[in-house]
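Engineer: I'd like to go over a predicted model; first the sequence, then the structure.
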Amino acid sequence: MRRNIVAGNWKMNNDLSQTEALITELKKQNQTSNCEIMIAPTHTNLWHAFEALRLSDIEVIAQNMHYEDNGAFTGEISAPMLNSVGVTTVILGHSERRAYFKETDAVLAKKVDAALRHNMRVIFCFGEELDDRKAGRQESVVKDQISNGLFHLTEQAWNNIVLAYEPVWAIGTGETASPEQAQEMHQFIRQVLTEQYGNRVGDATSILYGGSVKPSNAAELFAKNDVDGGLIGGASLKAEDFFAIVNAF
Ligand code: 13P
């Protein structure tokens, strides 16, 4: 069975004291929930967050990593380094990484392999830009991103892959895909997976939606059949909003 997940991507926000404060608030809000809960603080605060949330059911995950284990890659961080501070899930392929840091499908495929080699779970992001949607090519763009980044994997490897559809035009813009637009794309993605890997992978893979999810729209998005949760940016920076989204399940 696929799992419901709400993950907060903090992006480049929150220094150490802000991280401490937000985690204190998150712990106050956290009661029993019907989904897995994750937060992705910036790298320098992963260890603190992991320690602070050790006894909670909030998982601390990373926003990015390099595909090599170590070496002359100034400014980068590797899977073994993440593992060493308790982090076993990583977000890869976020549109901000693709756009600002020129991460290509080929590089992302290597990152996915590195993460899986170190027994990590991957939240793999993709999504079309506004021009793609206007031109009606959103499905082919998304299919290419998924197949180039992930279709070299074995069926078994998909046990550790979560997908996150994040249309670029909806990220940080306040403009959310409608529940119908999200469902239409998620259904398409599941169909693409099923065609490639069969029903087991198609049914069992969680597909999250990301892009201006907020307390006011989370419930109607999560109510859709093929939307298994959300990757939350801005609204994950306030404990109350984040848990209002978690409680939408
Ligand atoms: P917003 O929720 O701020 O639109 O960001 C979405 C996102 O990029 C999550 O990874």
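Structural biologist: Nice, thanks for sending it over.

Engineer: got the contact list for residue 45?
Structural biologist: 14-16, 19 (C-beta atoms under 8 Å, 6 or more residues apart in numbering). Backbone N, C-alpha and C define where each C-beta goes, glycine included.

Engineer: I'd like to know which of these are part of strands.
Structural biologist: Residues of the contacts of residue 45 located in strands (DSSP state E): none.

Engineer: where does the chain come near the ligand, residue by residue?
Structural biologist: Residues of the chain found near the ligand, taking C-beta under 6 Å from any ligand atom as the criterion, are 9, 94, 166, 171-172, 210-213, 231-235.

Engineer: about what we covered before: from the contacts of residue 45, which land in helices?
Structural biologist: Mapping these onto helices (DSSP state H) picks out 16, 19.

Engineer: in this protein, which residue is closest to the centre?
Structural biologist: The residue lying closest to the centre of the chain (C-alpha atoms, centre = their mean) is residue 123, at 4.3 Å.

Engineer: Beta-bridge partners for that one, please?
Structural biologist: Assessed by DSSP bridges, residue 123 has beta-bridge partners residue 91, residue 162.

Engineer: Which pLDDT value belongs to it?
Structural biologist: What the model reports as pLDDT for residue 123 is 98.

Engineer: tell me the contacts of it?
Structural biologist: 7, 61, 89-92, 162-164, 208, 231.

Engineer: The ligand: which of those residues is nearest?
Structural biologist: The shortest approach to the ligand among the contacts of residue 123 belongs to residue 231, at 4.3 Å (C-beta to the nearest ligand atom).

Engineer: remind me which residues of this protein are low pLDDT?
Structural biologist: Counting by pLDDT under 70, the chain contains no low-confidence segment.

Engineer: from the chain, which residue is nearest to the ligand?
Structural biologist: residue 233 (2.2 Å).

Engineer: For that residue, which non-adjacent residue is spatially closest?
Structural biologist: residue 9 (5.4 Å; C-beta to C-beta, 6 or more residues apart in numbering).

Engineer: The one you found contacts residue 91, doesn't it?
Structural biologist: Yes: Residue 9 is within contact range of residue 91, at 6.3 Å (criterion: C-beta atoms under 8 Å).

Engineer: and the residue lying farthest from the centre of the chain, how far is that from residue 66?
Structural biologist: Going by C-alpha atoms, centre = their mean, the residue of the chain most distant from its centre is residue 72, 27.7 Å out. Note on residue 72: its distance to residue 66, by C-beta to C-beta, to the nearest Å, is 11 Å.

Engineer: Three-state assignment for the residue farthest from the centre of the chain, please.
Structural biologist: coil (DSSP: H, G, I helix; E, B strand; the rest coil).

Engineer: what's it sitting at in phi/psi?
Structural biologist: For residue 72, the backbone dihedrals (degrees, to the nearest 10) come out as phi -80, psi 80.

Engineer: Next, count neighbours for the closest residue to residue 46 other than its chain neighbours.
Structural biologist: Residue nearest to residue 46 in three dimensions, not counting chain neighbours: residue 85, with 5.2 Å by C-beta to C-beta, 6+ apart. Applying other C-beta atoms under 10 Å, we find 16 other residues in the vicinity of residue 85.

Engineer: Nice, that's everything, thank you.
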